[in-house]
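Student: Kindly generate the corresponding structure for this input.
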Amino acid sequence: MSSIEDNKIIARRWLELINEHRIEDICSMTAPSWRMHGGAPGLSPGSDGVRELFGAIGPIDQKWTIEDVIAEGDKVVVRATNTCVQESFFGIPGRGRRQTFTAIFIHSIADGKIIETWRNADDLGRVLQLGARIEPETLE
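Tutor: So this is what the prediction gives:
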């Protein structure tokens, strides 16, 4: 059984490994049944899902900065800021623009492995930084 402090270390390490582009090391931290909620839809469970997630993200230069880590029981909440340059996001070309957005990850951790991840990020803010515009529907 992992302690709350051990679980915090695991959650921090997960984002550090993303910064380092070490996908296989992230896979080793996830349980075979791992699922992500709020990420790319239809991901397979476990390591295959991790690989699919990063395949869907595509080429990216990113840096996660951890702002807060809060834990209770088997859950760890990480609030972080990402600064990145990505080829495209939700089909909107990146055009080399640097984006900065916040995200919250909640990890459920058991026996030293992440078994489930919930993601909530400012994706709207990202698409607006890329130049997307929101227009109200015109009623005829």
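Student: For stretch 57-68, which outside residues touch it?
Tutor: 12, 15-16, 18-19, 40, 77-88, 102 (CB atoms under 8 Å, 6 or more residues apart in numbering). Quick note: C-beta positions are derived from backbone N, CA and C, even for glycine.
Student: What distance do you get for the nearest residue to residue 85 once chain neighbours are set aside to residue 90?
Tutor: Nearest residue to residue 85, sequence neighbours excluded (CB to CB, 6 or more residues apart in numbering): residue 61, at 4.8 Å. Between residue 61 and residue 90 the computed distance is 18 Å (CB to CB, to the nearest Å).
Student: One more: residue 110?
Tutor: For residue 110, the distance to residue 90 - CB to CB - is 33 Å.
Student: Name the residue in the two with the higher neighbour count.
Tutor: Just comparing residue 110 and residue 90: by other CB atoms under 10 Å the higher neighbour count belongs to residue 110, 13 against 10.
Student: How about the contacts made by the more buried one?
Tutor: 2, 31, 74.
Student: Please indicate which of the contacts of stretch 57-68 are buried?
Tutor: Neighbour-count burial (16 or more other CB atoms under 10 Å) is assigned, among the contacts of stretch 57-68, to 12, 15, 18, 77-78, 80, 82, 84, 86.
Student: So which of those is the closest to residue 116?
Tutor: For these, the residue nearest residue 116 by CB to CB is residue 77; the value is 12.9 Å.
Student: Check which helix or strand that closest one maps to.
Tutor: Using DSSP states H and E, residue 77 maps to strand 75-86.
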